[in-house]
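In: Have a look at this prediction, sequence included:
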Amino acid sequence: MRSVFRGLDWSVLTGALMSIIPALICITFHELSHGFVAYRLGDRTAKDMGRLTMNPIKHIDIWGLAMMAFFGFGWAKPVPVNMRNFKNPKRDMAITALAGPASNILLAAVFMALYGAAVFPTLTIEGGAWGVVAEMLQRTAQLSVALAVFNIIPIPPLDGSKVLFSLLPDSAYMKLMRVERYGFIILMVVIYTNVLDSTIGAAASWIYGKLFYIAEGVFRAVLRVVG
């Protein structure tokens, strides 16, 4: 048995976990935020279907998870929302849609703060284990920002489309909602042709750069306390 484990390439397993675990954290928080905000606005659909949970299995879309793990952007299984249960359907649908990307930016800020605190131990003799922790925290923050930026694109079924649709007259809104069934095909074409790669990358890098100041601030605070 020992010889079997001795022959394993643990770097491959570690690399896979370093990609998949952050992706699971980001998509779970993203979809839970959609469902929670919809629930607070009057729609119990997600709650009744068991989607108000931190269990990542409930939120996984295999292809979306793979895209996130290996390409840095992707999607989860959409939380069901019945906009007829909202008092103001268009407005509340937009708020529910924005909750996902907004929660990912908040999550990234939290993980950058944790990353700033985790960097200090990497400078000591305990750096080996803490280095893995720090990298995991940083990757989660980066992926969370990428997920937020990707989902704000106004192409169905991404969150940005629901925000855009809410700004349109009712007649145009209903027509575009019918087109939403073809949105995934349009999205795949956009991804395949790399049309938005530079835009998404630039926006994600800019936001991540701003959030990095949080990590620097926490790191300096740790140094002052320890020193």
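Out: Alright, I've got the coordinates. Residues are numbered from 1 along each chain as shown.

In: Check the offset of stretch 196-214 from the chain's centre.
Out: 14 Å (CA atoms, centre = their mean, to the nearest Å).

In: Would you quantify the distance from the closest residue to residue 86 other than its chain neighbours to residue 30?
Out: Spatially, and ignoring its direct neighbours in sequence, residue 86 is nearest to residue 92 (3.7 Å; CB to CB, 6 or more residues apart in numbering). The C-beta positions use only the backbone N, C-alpha and C, and glycine is treated the same way. According to CB to CB, to the nearest Å, residue 92 and residue 30 sit 18 Å apart.

In: quick one: which of the two has more around it?
Out: Remark: of residue 92 and residue 30, residue 30 carries more neighbours, 25 against 21, as counted by other CB atoms under 10 Å.

In: doesn't residue 102 make contact with the more buried one?
Out: No - taking CB atoms under 8 Å as the definition, residue 30 is not a contact partner of residue 102, at 9.7 Å.

In: Tell me where this structure is predicted with low confidence.
Out: Within the chain, the stretches with pLDDT under 70 are 1-17, 68-69, 71-74, 123-128, 173-177, 179-183, 191, 195, 227.

In: Can you show me the strands along it?
Out: Counting by DSSP state E, the chain forms no strands at all.

In: Please name the nearest non-neighbouring residue to residue 151.
Out: residue 159 (4.5 Å).

In: Which stretches in the protein count as helices?
Out: 2-6, 10-40, 45-48, 62-71, 89-122, 127-151, 159-166, 170-179, 183-193, 197-226 (DSSP state H).

In: Please name the residues that touch the residue nearest to residue 151.
Out: With contact taken as CB atoms under 8 Å, 6 or more residues apart in numbering, residue 159 is in contact with 97, 98, 100, 101, 151, 152.
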